[in-house]
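Participant: Here you go, sequence then predicted model.
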Amino acid sequence: MMTAATATPGPAHVREGAAGAPVHRTEGVALALILFGLVALYVPVLVEYGALLLWSEEDNHSGLLLALVLFAYWRDRRAFTWSATRRERVVGASGVFVALILYFIGRVTDSVQLQGVSLPIVMTSLALATGGTALARRWLLLAALLIFIVPWFGPIADALLVPLRLALTHSAARLAAALGFPVTTSGVLIYVGFVRLNVAGACVGLRAMVSMTAIGFLFLHFFPARSRGAALLFVVLMPVIALSANFIRIFALIVTAALFGVSGEAIVHDVAAYVEVGVVLTAFMLLGRALGPVEARA
């Protein structure tokens, strides 16, 4: 009796310990295959369309947005688990299949939009298939922000922005004229003496404003507001901050052209884009601190 009692738990314990390592190795291999698949699918897209997606003249913010989203995934990597139910795995796998179809059609038709929209679907579906509904919901915002990297806004959408472009252009020109600079406007063109500036197309682009607003949502993800009301106020002020920074950029270009001519404006043009990003990010940080938890501001 004693021998049978002491011999029974031994093999069970050995089997439990022996099974743990293979399971852990299997999960590691599966995660490595997932990462390899993402790299194999989307690095070629970035290489092929990088000039359009990340560093085109009319938008210098998508690259920053992509880097911040990837950093957010890395920062929250400890939330990743293999806890999905069978149903969640099936639904997640179906979502991945749909995304791959969109990706394939995008590659065949040379549509960067279809290839781009497949990425957030893949990321959400993978989160659902591995960590279940909880992980998919936790990372839903990060996946949704990946949509704003894609150049959705073509000539039709740009045409809808003409009133906004005119308002910003004329407001900056009127302010410069009130300060004594020889500035006139004609549509989206600005004339500073004998210098003609066509800054409205590149400097008041919808993609730039949307990208900066998306970065604002990332700030809200990293530094949650102290209440829903504070979070709503942050969301409302995000486009206002982006527009204000764009206005300052246009005004600075007008003043530079008036003082230093075309050569000076050309030098300041690209620098102003990065300064605009810095101004917006600083404003987001200050606003996030003001609307954050009381203990965080103390």
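Facilitator: Received the coordinates, thanks. Residues are numbered from 1 along each chain as shown.
Participant: Show me where the stretch 151-298 of the chain dips below the pLDDT cut-off.
Facilitator: Applying pLDDT under 70 to the stretch 151-298 of the chain flags the ranges 152-162, 188, 199-208, 294-298.
Participant: at 80 instead, please
Facilitator: Counting by pLDDT under 80, the stretch 151-298 of the chain has low-confidence residues at 151-166, 187-188, 197-211, 262-270, 272-274, 293-298.
Participant: just the helices in it please.
Facilitator: In the stretch 151-298 of the chain, the helices defined using DSSP state H, counting those that start in this stretch lie at 155-160, 162-178, 199-203, 206-222, 228-291, 294-297.
Participant: Out of those helices, which gets nearest to E88?
Facilitator: helix 206-222 (23.1 Å; CB to CB). Quick note: C-beta positions are derived from backbone N, CA and C, even for glycine.
Participant: Just want the angle from that closest one to helix 162-178.
Facilitator: Counting by axes from the mean of the first three to the mean of the last three CA atoms, to 10 degrees, helix 206-222 lies at 90 degrees to helix 162-178.
Participant: now helix 206-222 against helix 228-291, angle please.
Facilitator: Using the same axes, to 10 degrees: helix 206-222 against helix 228-291 is 90 degrees.
Participant: Name the nearest residue to I147, ignoring sequence neighbours.
Facilitator: Leaving aside its chain neighbours, I147 sits nearest to P120 (5.5 Å; criterion: CB to CB, 6 or more residues apart in numbering).
Participant: State the distance from the one you found to L243.
Facilitator: Distance of P120 to L243, computed by CB to CB, to the nearest Å: 26 Å.
Participant: Look at the two and report which has more neighbours.
Facilitator: Neighbour count, other CB atoms under 10 Å: between P120 and L243, P120 has more, with 22 against 17.
Participant: wait, isn't the more buried one in contact with A144?
Facilitator: Yes - using CB atoms under 8 Å, P120 is in contact with A144, at 6.1 Å.
Participant: ends of stretch 185-196, how far apart?
Facilitator: For stretch 185-196, the first and last residues are 9 Å from each other (CA to CA, to the nearest Å).
Participant: how about the residue nearest to A230 when sequence neighbours are not counted, what does it touch?
Facilitator: Distance criterion CB to CB, 6+ apart; nearest residue to A230, sequence neighbours excluded, is L291 at 4.1 Å. For L291, the contact set (CB atoms under 8 Å, 6 or more residues apart in numbering) comprises A225, R226, A230, A231, L233, F234.
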